[in-house]
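Undergrad: kindly return the folded structure for what I paste below:
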Amino acid sequence: MAGGRGDGGRSDRVGAHGVEADGVEADGAGADGGGADWGGAGGPLSGTALLERLRVTGRPRPAADPDFSADLRSFVEDGVVVPSQSSSATGAGRLLVTRDRLTTALACPVHRSSARSVDRTDGWAGGPVDPQHAFTTSLACGALVGALFRQIVAVGGFDDPMVDGLEALSLDAYQAPLVDWIGGLSSAERSGLGAEVDRQARSLLERWPALDAAWLPRTQEMLRAPLVGGAVELCVRVDLAVGRPTGHEASVALVDVVSGARRPEHGDDRRFAALVAALRGSVPPFAVATYYSRTGELDVDPVDQEYLVSGAFRCLAALRVLVGADQAPSDGTTCAACRVLLRRPPVVASVDGSERPDGSAHGATADPAGRADRGHQIDPVVAFPHEVAA
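TA: The predicted structure is shown next:
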């Protein structure tokens, strides 16, 4: 979980529909769905309305399609030449691709230098440890709120948010450096962090409904998709997966909880999570969502073949950068953060490391309209749907 993930995504809204109690089923698939939802004039969604917004996308649920899944996998694998340093037999040298690494690989030089993640391992399994980015109270708040959200889903509540959150993080060895960093905060800093964690945790407790056990709610769901004989592995961990897999139709929704503000790369994160889930088998999730615990907003993207294909194009572009087949971007063409800027940063680092002023238009994008359904054909027209110029 990060301190923030999400863009506006698709902005259409969906009205209430009937739902079945024995699963994440929904009637009605006529209107477009997706995008942010505040719940109208009454404020953020809560209770059954929040859950219904997640379950009812207004679009048909994708059916199992082994041929499409195989085409999707072949498209990504055929475009990647893995260097000899990888060893799929032992797992050493395996290229691990997370959504943070994917976003960083496609970022412009300015945003690449200020990457959001705190990576403690190299992209290649068994590789050297990278220098850590500095911990921040925002990152700590995100980790604590995420732990408390999982506790709310599992047991329905908490005693002391700060104490319970730290205890949960202490059980994860990966979070040990962050727990130590929080322990070293001044009393004023720790008090401010505790107040914000308490506020967001109590909002989660108030707004999120209890999830029926029949929906099989799973927290910290790890999704992995090995590619190229195991030499590359796409992996993503989501805060919540809800829905009982059926094997013949999409019935699972994936949710990330974010404690910070909406960020432009969150939409790409959702698309990547859907892609990884689809590559694991022949049934993708029917929806991927980001819930913002600070504001109560919920961004929901319905999943269809076009959505998955656009994610595959973006994933392949990042993979080619990560394996050294392509150079890292020298501008903001594929940069998620630049996509929402009317003008590019005033100083942009070039490929050779120099800096140049540049005030030209940057990140102006449009989603091309009228794209026909192409079935299993992987067509570049749907690559980077938000980056194609009008």
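Undergrad: which outside residues touch the longest helix seen in the chain?
TA: Taking DSSP state H as the criterion, the chain has its longest helix at helix 187-207. Residues outside helix 187-207 that contact it (C-beta atoms under 8 Å, 6 or more residues apart in numbering) are 44-47, 50, 137, 140-141, 144-145, 148-149, 152, 157-158, 161-162, 165, 182, 185, 257, 259, 293-294, 296. From N, CA and C alone the C-beta is placed, and that goes for glycine too.
Undergrad: among these, which lie within strands?
TA: Members of those lying in strands (criterion: DSSP state E): Val257.
Undergrad: what strand or helix carries the residue nearest to Asp326 when sequence neighbours are not counted?
TA: In space, Asp326 comes closest to Arg320 once its chain neighbours are excluded; the distance is 4.2 Å by C-beta to C-beta, 6 or more residues apart in numbering. Counting by DSSP states H and E, the element that carries Arg320 is helix 305-322.
Undergrad: buried set for that helix?
TA: Buried residues in helix 305-322, defined by neighbour count with 16 or more other C-beta atoms under 10 Å: 305, 307-322.
Undergrad: try stretch 195-214
TA: So for stretch 195-214, counting by 16+ other C-beta under 10 Å, buried means 196-198, 200-201, 203-205, 207-208, 211.
Undergrad: helices along the stretch 51-200 of the chain, start to end?
TA: Using DSSP state H, counting those that start in this stretch, the helices of the stretch 51-200 of the chain run over 66-78, 99-105, 109-112, 137-155, 161-170, 176-183, 187-207.
Undergrad: let me see the mean pLDDT of the first one.
TA: Yep, that's helix 66-78 we're talking about. Mean pLDDT, taken over the full extent of helix 66-78, equals 92.
Undergrad: which residues does the nearest residue to Ala250 once chain neighbours are set aside contact?
TA: Closest residue in space to Ala250, ignoring its immediate chain neighbours: Phe286 at 3.7 Å, by C-beta to C-beta, 6+ apart. Contacts for Phe286 were tallied using C-beta under 8 Å, 6+ apart; they are 24, 57, 61-62, 243, 250-253, 302-303.
Undergrad: tell me which of these is nearest to Phe272?
TA: When those are compared for distance to Phe272 (C-beta to C-beta), Val303 wins out at 12.0 Å.
Undergrad: now the buried residues of stretch 195-214 in JSON lines, with distance to Arg112?
TA: Below are the buried residues of stretch 195-214 laid out as JSON lines (distance: C-beta to C-beta, whole Å):
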{"residue": "Glu196", "distance to Arg112": "29"}
{"residue": "Val197", "distance to Arg112": "30"}
{"residue": "Asp198", "distance to Arg112": "35"}
{"residue": "Gln200", "distance to Arg112": "30"}
{"residue": "Ala201", "distance to Arg112": "33"}
{"residue": "Ser203", "distance to Arg112": "34"}
{"residue": "Leu204", "distance to Arg112": "33"}
{"residue": "Leu205", "distance to Arg112": "38"}
{"residue": "Arg207", "distance to Arg112": "36"}
{"residue": "Trp208", "distance to Arg112": "35"}
{"residue": "Leu211", "distance to Arg112": "38"}
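Undergrad: next, format those residues as CSV and append distance to Gly332 and pLDDT.
TA: CSV is the format used below for these (distance: C-beta to C-beta, whole Å; pLDDT from 0 to 100):
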residue, distance to Gly332, pLDDT
Glu196, 32, 96
Val197, 34, 96
Asp198, 38, 96
Gln200, 32, 96
Ala201, 36, 96
Ser203, 35, 95
Leu204, 35, 94
Leu205, 40, 94
Arg207, 36, 94
Trp208, 36, 92
Leu211, 40, 90
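Undergrad: nearest to Arg280 among those residues?
TA: Out of the buried residues of stretch 195-214, the member with the shortest distance to Arg280 (by C-beta to C-beta) is Leu211, at 22.4 Å.
Undergrad: for that closest one, what are its contacts?
TA: With C-beta under 8 Å, 6+ apart, Leu211 has these contacts: 51, 153, 217, 242.
Undergrad: most neighbours of all these, which one?
TA: Within the contacts of Leu211, most neighbours by other C-beta atoms under 10 Å means Val242, with 26 neighbours.
Undergrad: that residue and Ala214 touch, don't they?
TA: No. Between Val242 and Ala214 there is no contact under C-beta atoms under 8 Å: 10.4 Å.
Undergrad: give me the angle between the helix or strand where Val276 lies and helix 66-78.
TA: Using DSSP H and E, Val276 falls within helix 266-280. Interaxial angle of helix 266-280 relative to helix 66-78 (axes from the mean of the first three to the mean of the last three C-alpha atoms, to 10 degrees): 110 degrees.
Undergrad: so what's the closest residue to Ala328 other than its chain neighbours up against?
TA: Closest residue to Ala328 in three dimensions, ignoring its sequence neighbours and counting by C-beta to C-beta, 6+ apart: Val321, at 5.4 Å. Shown in contact with Val321 (C-beta under 8 Å, 6+ apart): 105-106, 327-329.
Undergrad: re earlier: on the C-terminal side of the longest helix of the chain, identify the next helix or strand.
TA: Using DSSP H and E, the helix or strand that follows helix 187-207 in sequence is strand 218-227.
Undergrad: who does Leu298 bridge with?
TA: Beta-bridge partners recorded for Leu298 (DSSP bridges): Asp37, Tyr291.
Undergrad: okay, now the unreliable bits of the stretch 1-150 of the chain?
TA: Counting by pLDDT under 70, the stretch 1-150 of the chain has low-confidence residues at 1-42, 83-93, 113-133.
Undergrad: quick one: contacts of stretch 70-80?
TA: 227-228, 232, 275, 278-279, 308-309, 312, 315-316, 319-320, 323, 325, 376, 378.
Undergrad: ok, now with 10 Å
TA: Outside stretch 70-80, the residues within contact range by C-beta atoms under 10 Å, 6 or more residues apart in numbering are 65, 95, 225, 227-229, 231-232, 234, 275, 278-279, 282, 284, 305, 308-309, 311-313, 315-317, 319-320, 322-323, 325, 375-378.
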